[in-house]
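give me a model of this one.
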Amino acid sequence: MPRFCRPKTDTIEIEKPNILIVEGRDEELFFDSLIKHLELDNIQILDIGGKTIFRDRLNALITSPRFSEVSTLGIVRDANSNPSAAYQSICNALQSAKLSIPERPLIMAGSNPRVVVLILPKEDEPGMLEDLCLKSVESDPALTCTEQYFQCLQIQNIPLPHNTSKAKTQVFLASRHEAGKRLGEAAQAGYWPWDSNAFEQVKNFLQQIISIDT
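Just a heads-up that it's a prediction; the model follows:
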């Protein structure tokens, strides 16, 4: 299983030269599965336990005894309703930590470490990792059934869930051989098609992280 850091831990142990910071456990499992699929090496995934404590965890990371050995720092965050605000929040945390600030997402900045940011699903599009995963299965017949389920709720005047992207992901995953898996667990089970064009930008981002090693 990949190593990850919880917010209650003060010290972050650095084990590899390339660090990938993600928001939570689902993202950790998702990226761990994709990294293994791409047969990439030397990337350590850190689950920081939520975007609200990102600044504190980033400051904890740079005070790690082995931080000087980090070549590249990759940061992943959901756009949610405001991609620009999500990116600016990361930039503010990088500035506080006195790290290089990229001009925009997917553009590498600085050295020792280099810094690169990925906003999901895209830098100019609101949403989250769930939207990217749903896009990857848009040709799957089960997604049509998923959409019909939510249409039925509306017809019956049943209020839709607050976060429809997460809800649609759960409904779609209920159609798989083993129902009840979360997004990250679904990645481990092979339920997201890695060959989909929906994941192309994410793959390029991961390749960019290790490019200094190749």
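
after the helix or strand bottoming out on mean pLDDT in the chain comes which helix or strand?
Across the helices and strands of the chain, mean pLDDT, DSSP states H and E gives its lowest value to helix 54-62, namely a mean of 91. The element immediately downstream of helix 54-62 (helix or strand, assigned by DSSP states H and E) is strand 72-78.

and the least confident helix or strand of the chain, what other elements does it pack with?
Using 3 or more Cβ pairs under 8 Å, 6 or more residues apart in numbering; DSSP states H and E, the elements in contact with helix 54-62 are strand 18-22, helix 83-96. In short, each C-beta sits where N, CA and C put it, glycine included.

so where's the protein shaky on pLDDT?
1-10, 212-214 (pLDDT under 70).

domain-wise, how is it divided?
18-127+195-213, 130-188 (automatic domain parsing).

show residues contacting stretch 30-41.
1-2, 20, 22, 43, 45, 76, 129, 133, 183-184, 187-188, 192, 194, 199, 202-203, 206-207, 210, 213 (Cβ atoms under 8 Å, 6 or more residues apart in numbering).

buried residues, it. List them.
Residues of stretch 30-41 classed as buried: 30-35, 38, 40 (neighbour count, 16 or more other Cβ atoms under 10 Å).

swap in stretch 49-66?
For stretch 49-66, using 16+ other Cβ under 10 Å, the buried residues are 49, 51, 54-55, 57-58, 60-62.

what's next to the host helix or strand of residue 118, contact-wise?
Here residue 118 is covered by strand 114-120, with elements defined by DSSP H and E. Contact partners of strand 114-120, identified using Cβ under 8 Å, 6+ apart, comprise 71-79, 83, 86-87, 90, 94, 99-102, 105-109, 127-129, 131-132, 201-202, 205, 208-209, 212.
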